[in-house]
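**Student:** Provide a 3D model corresponding to the input given below.
(chains A, B, C, D, E and F)
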There are 6 protein chains.
Amino acid sequence: MRPSGRAANELRAISIEPGFNRHAEGSCLIRFGDTHVLCTATVEERVPPFLRNKGTGWVTAEYGMLPRSTHSRSPREAARGKQSGRTQEIQRLIGRSLRAVVDLERLGERQVTVDCDVLQADGGTRTASITGGYVAASIALQGLVDQGLLPGLPIREAVAAVSCGIVGGEAVLDLDYVEDSGAEADANFVLSASGGIVEVQVTAEDHPILPSQLQAMQALAGEGVARLIDIQREAIAAAGTRRP
Amino acid sequence: MRPSGRAANELRAISIEPGFNRHAEGSCLIRFGDTHVLCTATVEERVPPFLRNKGTGWVTAEYGMLPRSTHSRSPREAARGKQSGRTQEIQRLIGRSLRAVVDLERLGERQVTVDCDVLQADGGTRTASITGGYVAASIALQGLVDQGLLPGLPIREAVAAVSCGIVGGEAVLDLDYVEDSGAEADANFVLSASGGIVEVQVTAEDHPILPSQLQAMQALAGEGVARLIDIQREAIAAAGTRRP
Amino acid sequence: MRPSGRAANELRAISIEPGFNRHAEGSCLIRFGDTHVLCTATVEERVPPFLRNKGTGWVTAEYGMLPRSTHSRSPREAARGKQSGRTQEIQRLIGRSLRAVVDLERLGERQVTVDCDVLQADGGTRTASITGGYVAASIALQGLVDQGLLPGLPIREAVAAVSCGIVGGEAVLDLDYVEDSGAEADANFVLSASGGIVEVQVTAEDHPILPSQLQAMQALAGEGVARLIDIQREAIAAAGTRRP
Amino acid sequence: MRPSGRAANELRAISIEPGFNRHAEGSCLIRFGDTHVLCTATVEERVPPFLRNKGTGWVTAEYGMLPRSTHSRSPREAARGKQSGRTQEIQRLIGRSLRAVVDLERLGERQVTVDCDVLQADGGTRTASITGGYVAASIALQGLVDQGLLPGLPIREAVAAVSCGIVGGEAVLDLDYVEDSGAEADANFVLSASGGIVEVQVTAEDHPILPSQLQAMQALAGEGVARLIDIQREAIAAAGTRRP
Amino acid sequence: MRPSGRAANELRAISIEPGFNRHAEGSCLIRFGDTHVLCTATVEERVPPFLRNKGTGWVTAEYGMLPRSTHSRSPREAARGKQSGRTQEIQRLIGRSLRAVVDLERLGERQVTVDCDVLQADGGTRTASITGGYVAASIALQGLVDQGLLPGLPIREAVAAVSCGIVGGEAVLDLDYVEDSGAEADANFVLSASGGIVEVQVTAEDHPILPSQLQAMQALAGEGVARLIDIQREAIAAAGTRRP
Amino acid sequence: MRPSGRAANELRAISIEPGFNRHAEGSCLIRFGDTHVLCTATVEERVPPFLRNKGTGWVTAEYGMLPRSTHSRSPREAARGKQSGRTQEIQRLIGRSLRAVVDLERLGERQVTVDCDVLQADGGTRTASITGGYVAASIALQGLVDQGLLPGLPIREAVAAVSCGIVGGEAVLDLDYVEDSGAEADANFVLSASGGIVEVQVTAEDHPILPSQLQAMQALAGEGVARLIDIQREAIAAAGTRRP
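**Tutor:** Residues are numbered from 1 along each chain as shown, chains lettered A, B, ... in the order given. Okay, here's the model as predicted:
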């Protein structure tokens, strides 16, 4: 029995509220249970120096946690004067995940910056960020199409992410903080709508795990991401109908 | 006529949603029109080094803007590696304003840290932060009383803040971003429930202003803060009834 | 009775020694009693990026305290690797105060940087910096006129600043460090020669103050600034006669 | 055919030279072809603050690349004033990998710091660092046993790491820089002597990959790590015989 | 003929004004021609961590240049966020020079921090800093004796510094900025009252110099330092008579 | 008798292994006994901003110590976020020393960056860095000649460096760490093949030293550098024969 009473292959309550921020070209507030992340996508008509005049665009991401998003308060990174290794690792992961499904050539010389800011954390903030970040970016890119700036959506397929873990020897899906703290291993799967693998990160905590355990987690992740991609699709559609 | 159609002495739509964050000892999401600030108050059983063993507590504040809270995206301070002068000026102001109404001796050797994070900005983020920060801090301190850790609420009176400006020669209350951009002067008033002055900051933009204009703004601010203090009271009461 | 024996409306001994630094386009050493600030104005034929090719100039300021300008030694900001929030707040204030009286369009595409470095501190360093910074900037701008680079002085009127406080319930002018440490409120007034308000900053220390107390301070500040503007005028005139 | 002429399951020439540094408690120079990493292990009789008085030890790692270890010179991180996200990500990975096989309780209140400095890079620096870092740490820990400070080696089993990639649709082992630049996916496997999974990181470059491709890489990695663990064993044994 | 009209072995006009800062335990404004340095010595009843409980004291120094001490304005180090290599090199030199003549054991567990801040620069700021820093430190240490905190002055002998250079093939003493810019070599000699060598730093600019040229500079430096030590002695004596 | 059993004028075992790094245009591993420094020279077809379009090149250097190059581990500068004053002082010295013998005009608009990274330290790392840095730079510059990019080697003469010290009142050559720790004075001589003086740095530790002691060190340094220049010549010649 999981602490939350969920089945091993059961996601937390997931919701995606598009248009949470009125300034951003695309945005949503995504909730994986008590994990709440505000995702905004900003479109700028410029690219980083290494891409200038190459006819291709860029997608990048930044990640942050509000100081009191955590159970006890964490120091503010802006005040400490640097982003932690964990923050950088997560924002690099979000960026790579989104670039794997966006067609950068069709995007043209533009940059999409996805900001994922955790308002409240209860485990799985990086997978919520990727899943919500994809929604924000999609809305922003659809906006470019709607304004006639792009002939079609430069996205090959959807991408979403979910965590799995080994708890008491068994694989479980979408860990919350309590479960994560006691897990023997912890894995993040970033998968595409067609079932392709975008990123996998597996970390055994105190002891190595078995290859069969990795496979069990991979199977759960496939199920979970399929459901997340359905929820993403509804949120993106809802955003479209709200547009004037 | 103001761009928003408001009367000179009219506040924007104000709302305060207490308990927006489940981890913080006190929290609210405050909205001054399209300016939305998430305020959390954290209570810790420690004080900064300069107060150790003096039998007195401390209230401090930190402020931040999410990168896309603004009309165009602003660089993330954590990524730039330092907080701007503006950020530091605002968080120092929030902290002083709250300390002016909290009785630090009755608080005991504890620190209350109020984090004000701007989710969406449309002018007046510092005054919304002070007004919402007071609500978050009050809820947190009431929690200490409810748990029997304090005999009574260590607050002398409420505090709230509002901006005023001189636009077209006339004083107006609670400027939004468009109005603020064109104002001849800009002032922030932090006032207490009894009408006392906690902080005043007046800045003339291109030319000095007249003493009579300062007085007109001061009168508007008095009215505005009185209404804000009513709204704060309701939010704090609502937070109380939700507590289990 | 004030600790210094001064009357409530009495300034400390004020002196302004123009030309203290031989490299700067304008400079002075200003003394408000035991507060000594070296002010230099540097003219450069360039403007910050946001003003390029707009036909307008810029005035900015930086502020610093020598480590042993204070009663006990303060850490050197260059060694700590950042300027404190207080430093940034003060230098932003000095810059805004000077920009309120300089006509940036008539200045042309030039930048004036005013550096205010506190050699010895005894309260009121920001007001001394503004008052002396105006003198340094005036001398530098007069130099541009004298060299035929500008048709006339791009200054609308003089600006000076003074602090006031509430001590024992009464308003007093130009606090020194001892008086400032015990004051109930502390205010800085930046006023122009014509009596206009450029900046006002009022901070109540432990309790809010009364509106009447603010008015009493405002009246004292008006008197004080009038005297400071006379002293500035003499210093600027003296600088002129020394020029070859 | 691979650019290097190697078979798909063939490692580069691997060598481990123990005792490369005379000051460190354990050290080696490890070479994976033209990738050369100097690994040192430092033992200190202290633990980080969060572990004090808990009777348990700690293993941590730091990673760096010399500026000209790369094909063209990279800026020195010490001169830039911060470690890149990539550096932090790699050193966190090395530390977790080693902690997964060291018994921290049997280590006692000591810290082992493994420094992995890349003298020359040609792909796979992180896997060479883990593989060499384990050798350096083992030698250092054996030293504690030899000195009678520990009753037995606090290591549960060996750990080593190797990269795999998908090149032209096929899985290949231990990519060099040229191969890595053109790979469709890139994966790092950290595996234990018993075949357990310590860490897996898979990154698809431009498009998602197939689950079967991940399995093919996993199989190659298992073979490769088995060979690396043999080479580690010989190096550790050689270090032992050199000890006086 | 030197640009200043001085003879090869002639110092610039030297003056030392003791007691320039009323807060510091010792201070002076030293002038080597147009090079003006404010030196303060702070005595604190603590030592750096590496000396705690060793019964010995410490002397250290910090150095800075005001932004407009130079011919054109230099960026403020506190704003840039770090001290330059030149600044650190100079302050390390000042500290070593003073420690070579202070008896740290007789000083007891105290730290003397000498701050040398250049108000105006015209070459030779480091030698002026050492020469003035010695005066400030002497006055501060004499103060400890006068207060009965030390039985005698913990100084073995005086120390002073002067620069020399090779200009047009000839050795000259105490270069100003113009001369220094065109010199073929530049040397700084820190010598003690008894003629001992404390520090020598010789730098050839474009080509190596001859050993005989080094000897010629060394001879000039000996003469120059002897005169500086006389001027130091007078300033320290003058400080003494002013003490109440 | 010296701890190492060497005669007063005897260098440690010196070896220079050219071509240690396959990416750099020039490189060597230099050993002064147990002090081992990896020197690489990078040639880039660009110059720093202050030299652009002046038809002249630049030579600069950077220096670093691996954390465990020292007897006990030193914190990594990249992790601390800044280079120490000592590091900056040394890299400035290496750069100046090499510029004194390279003809920057004949080099053309190119930059040579010499990185000196200490793999193992036992005293004298800065002198080993200069001596090895010259070899790396020579090999790199000879490569430009061999490729027809330069008509001739833009080097006027060789440069090398060695330390001397006063131990027990006597001058000795090339101190190792143990000797250096107990020396009364410590000096570094950078001399050219023709016997010219490039840089001299003398530091008395606790007491001033005598002019005669400086002369004794200078004589030893002359002998030592002559031998080092022979060893440099052989290494550079060996590098040449290995080139395909």
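**Student:** OK, contacts around the closest residue to A:Gln120 other than its chain neighbours?
**Tutor:** With sequence-adjacent residues excluded and distances taken as Cβ to Cβ, 6 or more residues apart in numbering or on different chains, A:Gln120 is closest to A:His36, at 4.3 Å. Heads up, the C-betas are built off the backbone N, CA and C, glycines and all. By Cβ atoms under 8 Å, 6 or more residues apart in numbering or on different chains, A:His36 lies in contact with A:29-30, A:118-120.
**Student:** rerun at 7 Å
**Tutor:** A:29, A:119-120 (Cβ atoms under 7 Å, 6 or more residues apart in numbering or on different chains).
**Student:** Relative to chain E, which of these is nearest.
**Tutor:** Ranked by distance to chain E (Cβ to the nearest Cβ), the contacts of A:His36 are led by A:Leu119 at 30.7 Å.
**Student:** Surely the closest one is within a helix?
**Tutor:** No: counting by DSSP: H, G, I helix; E, B strand; the rest coil, A:Leu119 falls outside a helix, being strand.
**Student:** and it, what pLDDT?
**Tutor:** On pLDDT, A:Leu119 comes in at 98.
**Student:** Which secondary structure state is assigned to the nearest residue to it once chain neighbours are set aside?
**Tutor:** With Cβ to Cβ, 6+ apart as the criterion, A:Leu119 has its nearest non-adjacent residue at 4.6 Å, and that residue is A:His36. Put simply, A:His36 is strand when judged by three-state DSSP.
**Student:** Same check on A:Pro3?
**Tutor:** coil.
**Student:** That one reaches A:Ser181, doesn't it?
**Tutor:** No: judged on Cβ atoms under 7 Å, A:Pro3 makes no contact with A:Ser181 at a distance of 10.2 Å.
**Student:** Tell me the pLDDT of A:Cys39.
**Tutor:** The model's pLDDT for A:Cys39 equals 98.
**Student:** Tell me the bridge partners for it.
**Tutor:** A:Cys28, A:Cys116 (DSSP bridges).
**Student:** quick one: contacts for it?
**Tutor:** A:Cys39 neighbours (Cβ under 7 Å, 6+ apart): A:27-28, A:30, A:114, A:116, A:129, A:132-133, A:135-136.
**Student:** Between those residues, identify the one with the most neighbours.
**Tutor:** For these, the largest number of neighbours (other Cβ atoms under 10 Å in any protein chain shown) sits with A:Ala136, at 36 neighbours.
**Student:** host element of that residue?
**Tutor:** For A:Ala136, the host element (DSSP states H and E) is helix A:125-146.
**Student:** tell me the SS of A:Ile231?
**Tutor:** Following three-state DSSP, we place A:Ile231 in the helix state.
**Student:** Contact partners for the residue nearest to A:Gly196 when sequence neighbours are not counted?
**Tutor:** Residue nearest to A:Gly196 in three dimensions, not counting chain neighbours: D:Pro208, with 2.4 Å by Cβ to Cβ, 6+ apart. With contacts defined as Cβ under 7 Å, 6+ apart, D:Pro208 is in contact with A:100, A:192, A:196-198.
**Student:** I believe A:Ala171 is in a strand; please confirm or correct that.
**Tutor:** Yes: according to three-state DSSP, the state of A:Ala171 is that of a strand.
**Student:** Report the contact partners of the residue of chain A found nearest chain F.
**Tutor:** Closest approach of chain A to chain F (Cβ to the nearest Cβ) occurs at A:Lys82, with a separation of 7.6 Å. Each residue near A:Lys82 by Cβ under 7 Å, 6+ apart is listed here: B:81, D:82.
**Student:** Wait, a strand at it?
**Tutor:** No: assessed with three-state DSSP, A:Lys82 is coil; it does not lie in a strand.
**Student:** Throw the contacts of A:His36 into CSV and include neighbour count and distance to A:Ser69, thanks.
**Tutor:** Shown next, in CSV, are the contacts of A:His36 (neighbours: other Cβ atoms under 10 Å in any protein chain shown; distance: Cβ to Cβ, whole Å):
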residue, neighbour count, distance to A:Ser69
A:Leu29, 20, 13
A:Leu119, 22, 6
A:Gln120, 24, 5
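**Student:** Turn the contacts of A:Cys39 into CSV, columns for distance to B:Ala216 and pLDDT.
**Tutor:** Output for those, formatted as CSV (distance: Cβ to Cβ, whole Å; pLDDT from 0 to 100):
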residue, distance to B:Ala216, pLDDT
A:Ser27, 39, 98
A:Cys28, 43, 98
A:Ile30, 46, 98
A:Val114, 45, 98
A:Cys116, 44, 98
A:Ser129, 48, 98
A:Gly132, 46, 98
A:Gly133, 47, 98
A:Val135, 47, 98
A:Ala136, 44, 98
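**Student:** Is the residue lying farthest from the centre of chain A part of a helix or strand, or is it coil?
**Tutor:** Largest separation from the mean C-alpha position in chain A: A:Asn53, at 29.6 Å (Cα atoms, centre = their mean). Secondary structure, three-state DSSP: A:Asn53 is coil.
**Student:** what residues are up against the residue nearest to it when sequence neighbours are not counted?
**Tutor:** Once flanking residues are discounted, A:Asn53 sits nearest to A:Glu109: 7.9 Å by Cβ to Cβ, 6+ apart. Taking Cβ under 7 Å, 6+ apart as the criterion, A:Glu109 is in contact with A:47, A:55, A:57.
**Student:** quick revisit: tell me the confidence at the residue nearest to A:Gln120?
**Tutor:** Residue-level pLDDT assigned to A:His36 equals 98.
**Student:** what do you get for A:Glu157?
**Tutor:** Value for A:Glu157, per-residue pLDDT: 97.
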